[in-house]
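> Compute the structure for the input listed below.
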Amino acid sequence: MISPVFKKPEKTEELTITLGAKKIFKAIYRQQNSNEMTDENTPLLQVSDLISKMSFYYEKIRNAVHYREEYLLRKDAIARIIKRQVIIEGPIKFNKVDVQATARHLLIELIRAGYLPNNVLPENKVEEVSEILDKYLSVRARATTEAAGSVNFFGGGVQKEFSSKVNTTNWLVGLAAAEIEESIGRDEVSKTIVSVMYNLLERRIELPASLPYEKDLSLQIYIAIHRLFLKFDDDMLALILFRYFNADWDSPSEKDISRIAKNISTIRSLIETQLNHPLSQQLNRVVSTYTVYFNILKDVVAEDPTTVYDEFFDDPKAFTRRVKQSCTKRYVTVKTKLWRSAWRSIIYIILTKSIFAVLLEVPAATLFGAQINPFALAINVSFPALLLFFAVAITRLPGEDNTKKVISGIEEIVFEEKKKPEAIILRKPRGRHRFMNFIFGIIYAITFFVSFGVIVWLLDLMQFSWVSTIVFLFFLAFVSFFIMRIRRNSKEWIVVESRDNIFRFFLDFFSVPIVTTGKWLSTKFSQINVFVFVLDFIIEAPFKIFVEIAEEWTKYVRERKEQI
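Okay, the predicted model is just below:
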């Protein structure tokens with residue numbers, strides 16, 4: 001009998017876990033196993049659950065008519081509340097404000113609106129927020145006072161001074177809202193990942209000798225990480241840069257406040273320069289890829305930090321399986337978020353644009369003697385929702401090739417042996433001759449008129465009046481821009497470069513002018529959103545006063561009941 005020959009098992013490659021990966025494991029483990037016990041004697045901020053429901057539903061209505069990304073809603077609410085308390089309700093008298101009362105009102109309103117949990121936040125958080133507010137209001141008071149002292153009353157000086165005060169106030173309120181948001185929602189895991197990602201990319205990214213931005217590179221990498229990984233908006237990024245240019249801002253002295261107020265225009269200019277840096281576009285592309293890697297790694301580790309870590313030694317292949325599973329879950333979640341964003345956009349467009357367009361189209365057609373076409377009217381009302389629905393329905397999720405690249409990228413982060421030694425060298429932006437820019441500008445103008453011209457021709461065949469045609473074009477441009485914004489959320493998870501084809505080429509060629517028009521319209525119409533103006537300047541202030549009175553009344557009734 002021939003004895004069987006057993007194949008000797010291949011020796012598994014031993015991999016060393018990087019220091020950065022260990023830090024992420026420890027941060028997530030600490031977060032999941034932290035026992036933050038609040039002292040029973042510590043007073044907490046508490047509001048009436050019944051009264052809070054009114055503020056909660058009001059906030060839902062307002063967010064429906066003012067489209068913003070979900071992760072920015074609380075920060076925007078903070079800025080709106082500060083503006084109302086500081087500017088509209090006029091608590092500032094002779095450059096003085098009760099910051100303690102303002103901070104308390106701010107936190108209470110955030111709790112009522114559902115942005116913060118009820119009966120969880122300690123009372124001392126009021127002091128922390130009031131210190132933040134005091135810094136910015138002090139700078140505002142001094143900056144606007146100095147500006148008023150240098151007004152030229154001739155040549156439009158008063159108007160310029162007023163405009164400057166408004167811009168300064170809005171900018172400082174944005175910074176204050178960003179810092180308060182940071183103090184409320186500190187996340188040590190995210191901070192750890194930002195640090196690890198920065199150390200990794202700062203080591204790998206290099207500039208060619210021809211680019212004179214070496215001194216800005218580290219700062220721009222840091223900004224790009226916060227822009228892409230943490231999804232910071234311009235106000236939140238400006239806060240990072242504001243601290244960069246004012247190192248003592250966490251505890252500023254009177255001298256620091258005075259210096260900042262005096263140089264506020266210069267500081268703003270420096271920050272704007274960094275926010276619009278020539279390196280930002282290239283760095284965004286690099287950082288967006290690593291953002292996917294770190295987010296998936298965070299998901300995998302968060303499932304069970306101890307088990308995942310032990311599997312590196314007991315079952316090395318288990319980590320790859322977990323990454324694949326996490327990618328699949330993320331792709332499904334992206335599709336769900338796409339639909340949620342689509343419905344929010346549809347509600348927003350219907351409430352703020354469709355109703356307004358119908359109310360405008362019928363009187364305009366009557367006034368100019370145009371025939372009202374019920375078919376055209378029905379299309380203009382239903383078209384935005386149908387186009388958004390169709391665009392989301394055909395959005396494809398990332399495929400297997402995307403998952404493979406994600407696995408490779410995460411291994412680079414986690415294992416020492418998988419680190420890529422080659423540097424990521426940024427390219428020098430290619431200059432284009434003025435003549436070429438002129439020619440491309442003409443071609444772009446032609447595509448603009450061809451794109452809209454073909455649509456107008458088709459609408460004319462369907463007997464649209466010129467009024468209905470204008471309304472249709474308005475919606476087409478507006479919704480096209482929204483589709484681009486919504487689908488961008490799914491594209492954020494794609495790390496494999498898409499292949500160009502003839503269909504995509506012609507689609508981009510003719511759709512870019514429409515999307516660009518939609519972006520311009522969105523910017524302009526957001527500034528004159530009638531519904532937001534009514535809610536913010538006419539309804540919100542008295543509504544909040546009513547809620548405050550109702551809250552006090554419930555406390556009074558409760559006290560009377562306890563006396564009985």
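
> Quick check: nearest residue in space to residue 459, chain neighbours excluded?
Sequence neighbours aside, residue 469 is the residue nearest to residue 459 in space, at 5.0 Å (criterion: Cβ to Cβ, 6 or more residues apart in numbering). Placement of C-beta: from N, CA and C, glycine included.

> Now do the contacts for residue 270.
Residue 270 makes contact with 241, 245, according to Cβ atoms under 8 Å, 6 or more residues apart in numbering.

> try it again with 6 Å
residue 245 (Cβ atoms under 6 Å, 6 or more residues apart in numbering).

> any idea how far it lies from residue 238?
With distances taken as Cβ to Cβ, to the nearest Å, residue 270 is found 10 Å from residue 238.

> follow-up on the earlier one: which of the helices or strands spans the residue nearest to residue 459?
Secondary structure assignment for residue 469, by DSSP states H and E: helix 466-491.

> picking up where we left off before, burial measure for the residue nearest to residue 459, as a count.
Number of residues near residue 469 (other Cβ atoms under 10 Å) recorded here: 19.

> now the one 4 residues further on
Close neighbours of residue 473, defined as other Cβ under 10 Å, add up to 17.

> quick one: it from residue 466, how far?
Residue 473 is 11 Å from residue 466, by Cβ to Cβ.

> try residue 318
Distance from residue 318 to residue 466, by Cβ to Cβ: 65 Å.

> and what of residue 445?
Taking Cβ to Cβ as the measure, residue 445 falls 22 Å from residue 466.

> again, but for residue 456
9 Å.

> what about these two, which has more around it?
residue 456 (17 against 14).

> Surely that one is in a helix?
Yes - Residue 456 forms part of a helix when assessed by DSSP: H, G, I helix; E, B strand; the rest coil.

> Could you find the closest non-adjacent residue to it?
Closest to residue 456 by Cβ to Cβ, 6+ apart is residue 469, at 6.0 Å.

> Residue 478 versus the one you found, what's the distance?
On the measure of Cβ to Cβ, residue 469 and residue 478 end up 15 Å apart.

> same question, residue 394
For residue 394, the distance to residue 478 equals 20 Å [Cβ to Cβ].

> out of those two, which sits in the busier spot?
Set residue 394 next to residue 478 and count neighbours by other Cβ under 10 Å: residue 478 wins out with 22 against 8.

> you'd agree the more buried one is up against residue 518?
Yes - here residue 478 reaches residue 518: they are 5.0 Å apart, a contact under Cβ atoms under 6 Å.

> so how far is residue 291 from residue 234?
18 Å.

> Report the contact partners of residue 331.
Taking Cβ under 6 Å, 6+ apart, one finds 397-398 in contact with residue 331.

> 7 Å instead?
397-398, 493 (Cβ atoms under 7 Å, 6 or more residues apart in numbering).

> of those residues, closest to residue 247?
Comparing these against residue 247 with Cβ to Cβ places residue 493 closest, at 36.8 Å.

> which residues touch that closest one?
Listed by Cβ under 7 Å, 6+ apart, the contact set of residue 493 reads 292, 330-331, 334, 398.

> Need phi/psi at residue 185.
Main-chain dihedrals, residue 185, degrees, to the nearest 10: phi -110, psi 50.

> burial of it, as a residue count?
Residue 185: 12 surrounding residues under other Cβ under 10 Å.

> buried set for stretch 251-268?
252, 256-261, 264, 267-268 (16 or more other Cβ atoms under 10 Å).

> Now the top helix by length along the chain: average pLDDT?
Criterion DSSP state H: the longest helix present in the chain is helix 317-349. Averaging pLDDT along helix 317-349 gives 84.

> what about that helix, distance to the chain center?
A distance of 17 Å separates the centroid of the chain from that of helix 317-349, by Cα atoms, centre = their mean, to the nearest Å.

> Tell me the buried residues in that helix?
Neighbour-count burial for helix 317-349 [16+ other Cβ under 10 Å]: 319, 322-324, 326-327, 330-331, 334-335, 338, 341-342, 344-346, 348-349.

> rewinding a little: could you tell me the angle between the helix holding residue 469 and helix 317-349?
160 degrees (axes from the mean of the first three to the mean of the last three Cα atoms, to 10 degrees).

> what helices or strands is helix 466-491 leaning on?
Using 3 or more Cβ pairs under 7 Å, 6 or more residues apart in numbering; DSSP states H and E, the elements in contact with helix 466-491 are helix 317-349, helix 355-367, helix 374-393, helix 434-461, helix 502-527.
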